[in-house]
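A.B. asks: test case, fold it:
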Amino acid sequence: MSSKCKLVDELLEIFRKMGLRVFLNTSIKGTSGIRHFFDVVVFSEDVKKPKVTVTIVEAGNVKASLLLELIAKGVDVKCPHILVLSGQKEFNGIFKPINYTIIECSNEKGKLEVDRIKKLVLERV
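C.D. replies: Numbers count the residues shown, from 1 in each chain. Below you'll find the predicted structure:
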């Protein structure tokens, strides 16, 4: 099982235990009318508007097309976004103006920043 799958499963379990509505690989309609897909979308009781989205990018998968997609999502979908960079660094400056919080996970140490993600989501719900 990949580190992305493990992280998604762990987040799903934590958020559901907290009573939050969590959807995986879900699309959200942006203000432009375009639907954008996210790895994890967290809602509170009202499922009409997302409270926070989580996108996980694994090492080696950051290409120009992905960066453009992430920027478009951040601008078009009006809610806080958490971008988990697994083994990637130096992207914080790109995404800061468009409502992304960047979390860098180190694959070498096997450390998943689940507690930090949980805290960020709780601040927004």
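A.B. asks: quick one: C79 and V52, what's the gap?
C.D. replies: As judged by C-beta to C-beta, to the nearest Å, C79 and V52 stand 6 Å apart. From N, CA and C alone the C-beta is placed, and that goes for glycine too.
A.B. asks: got it, and I34?
C.D. replies: 20 Å.
A.B. asks: which residue is nearest the centroid of the protein?
C.D. replies: V54 (1.3 Å; C-alpha atoms, centre = their mean).
A.B. asks: I figured it hits F37, correct?
C.D. replies: No. V54 lies out of contact with F37 (C-beta atoms under 8 Å); the separation is 11.9 Å.
A.B. asks: higher neighbour count, C79 and V52?
C.D. replies: Under the neighbour definition other C-beta atoms under 10 Å, C79 and V52 were set side by side, and V52 has more, 25 against 17.
A.B. asks: per-residue confidence at that one?
C.D. replies: According to the prediction, V52 has pLDDT 89.
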